[in-house]
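[1] coords please:
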Amino acid sequence: MLPDLPWFVYLMLLAPLGLILGAAVYKTLQVRAAREWPSIAGKVVASEAEVREVKVIDSEREDGFRMEQRNFANVIYEYSVAGQKLRNNRVSIGEDRGDFQLAETIAKYPVGAVVTVYYNPLHPDQAVLERELPKGMWGCLGIGTAIVLAIVFGSAIGLHKITEFVTARIPLQGNAAASVAFGAFGTVVALFALILHRQASLAMKWPVVTGTIKLSDIEEYCAAPTEGRSRGQVMYQRRVSYTYKYNNLTYTNTHATLASSVASNSIWLVRKSTTDYHNGATVKVWVNPDNPAQATLEPHAGFVWVIWLAAAAIWGVAYYAAVQG
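    Modelled structure (predicted):
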């Protein structure tokens, strides 16, 4: 039996899944339309790595997004339709968000390669080299949907049952709901610490190359406004951009640490808790060999003990709520 929660709570929990499925349906319709497009021979005239600015959703900011530099495979090909010579650089009908299969795409479409170009007969400047979605996409989405539904409803039912169980075993003045809520939150924080520890263990084994710092400064921005306020508070965050070369391809990265840079309303705290790299400095870069666009300057996770302390503190609050209410 599901807990008696407002319908909009379940809607909020399932909204991200709905957006993903909606995007998948939209792309599937695009693929079906592209299957009717005619094809023509084309030629690759440029194939190289390129850095582009990408808009990333960030609900913590006033604008609701942030700009992030990512690496793309820029494959430019020429083709002619009705005597008109055209150029395009879209490889797949799927959405390319960058930092994925960069080297593989460039190797697949080297300069001078003859390719089959599928173009929109109504708008010949719209074209792709690959008009199929990844194999097994809908199967993966189906499995993912089942997992998400199991987690959402299983967690709701499980927490409800756990609350009933705790209620019968704590003092009358105890607050079972708060105890379970804080206990669950502490467990999530502890799992995050475990994931970071695992990432650090793997990153320490990545190959090391030489990189160059392009930019290292502190970014200032406005956070999303809280309830009752028209403007959010001013926040600060360390911003680091560096370049490196791996297997003859040049990459740009903005992740100096394994975890995202922690933002704070104290510029002093950001300066003290982050490394201030000098622009133009030569640095060691640990590169993920499975996806060279992923790298870090600090593979260790020495700060993970702070997260463990936070988890312990939250569990302490859960215990206090169970005993004292």
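[2] need phi/psi at V51.
    V51 adopts backbone torsions of phi -100, psi 130, taken as degrees, to the nearest 10.
[3] equivalent analysis for A312, please.
    phi -60, psi -40.
[4] how near is the residue nearest to it when sequence neighbours are not counted to F192?
    Residue nearest to A312 in three dimensions, not counting chain neighbours: G186, with 7.7 Å by CB to CB, 6 or more residues apart in numbering. C-betas here are computed from N, CA, C, even on glycine. From G186 across to F192, the span is 11 Å (CB to CB, to the nearest Å).
[5] how about N247?
    32 Å.
[6] my guess is the residue nearest to A312 meets A311, correct?
    Yes - the pair G186 / A311 is scored as a contact, 4.9 Å apart, by CB atoms under 8 Å.
[7] hang on, the earlier thing: so who does the residue nearest to A312 touch?
    Shown in contact with G186 (CB atoms under 8 Å, 6 or more residues apart in numbering): A311, A312, I314, W315, V317, A318.
[8] rerun at 6 Å
    A311, I314, W315 (CB atoms under 6 Å, 6 or more residues apart in numbering).
[9] output the below-cut-off pLDDT ranges for the stretch 1-150 of the chain.
    The stretch 1-150 of the chain contains residues with pLDDT under 70 at 1-17, 20-21, 23-29, 31, 133-142, 144-150.
[10] run through the helices of it in chain order.
    7-34, 102-108, 137-167 (DSSP state H, counting those that start in this stretch).
[11] which of N247 and F192 has more neighbours?
    A count of neighbours by other CB atoms under 10 Å puts F192 above the other of N247 and F192, at 16 against 11.
[12] spatially, what comes nearest to that one if we skip its sequence neighbours?
    Nearest non-adjacent residue to F192, counting by CB to CB, 6+ apart: I307, 6.3 Å away.
[13] and the gap between that neighbour and H197?
    For I307, the distance to H197 - CB to CB - is 9 Å.
[14] who has more neighbours, those two?
    More crowded of I307 and H197, by other CB under 10 Å: I307, with 19 against 15.
[15] which ones are touching V56?
    Neighbours of V56 in contact, by CB under 6 Å, 6+ apart: R66, E68.
[16] what's opposite the nearest residue to R97 once chain neighbours are set aside in the beta bridge?
    Once flanking residues are discounted, R97 sits nearest to V54: 6.7 Å by CB to CB, 6+ apart. Listed beta-bridge partners, V54: E68 (assigned using DSSP bridges).
[17] list the buried residues for stretch 82-102?
    L86, N88, N89, V91, I93, G94, D96, G98, D99, L102 (16 or more other CB atoms under 10 Å).
[18] so how far does it reach from one end to the other?
    Stretch 82-102 has an end-to-end distance of 32 Å (CA to CA, to the nearest Å).
[19] and if you look at stretch 200-219?
    Taking CA to CA, stretch 200-219 runs 26 Å from one end to the other.
[20] ok, and what's touching it?
    Contacts of stretch 200-219 (CB under 6 Å, 6+ apart): 236-244, 246, 270, 277, 279, 281, 283-289, 296, 299-301.
[21] pretty sure N89 sits against A73.
    No - using CB atoms under 6 Å, N89 is not in contact with A73, being 9.1 Å away.
[22] tally of neighbours for the residue nearest to R97?
    16.
[23] I'd like the distance between N88 and V262.
    In terms of CB to CB, N88 sits 41 Å off from V262.
[24] could you do Q30 as well?
    Distance from Q30 to V262, by CB to CB: 39 Å.
[25] what do you get for E48?
    34 Å.
[26] then L86?
    47 Å.
[27] ok, back up a step: closest one to L258 out of the contacts of G186, please.
    A311 (17.9 Å; CB to CB).
[28] next up, phi/psi of that closest one, please.
    Torsion angles, degrees, to the nearest 10, at A311: phi -60, psi -40.
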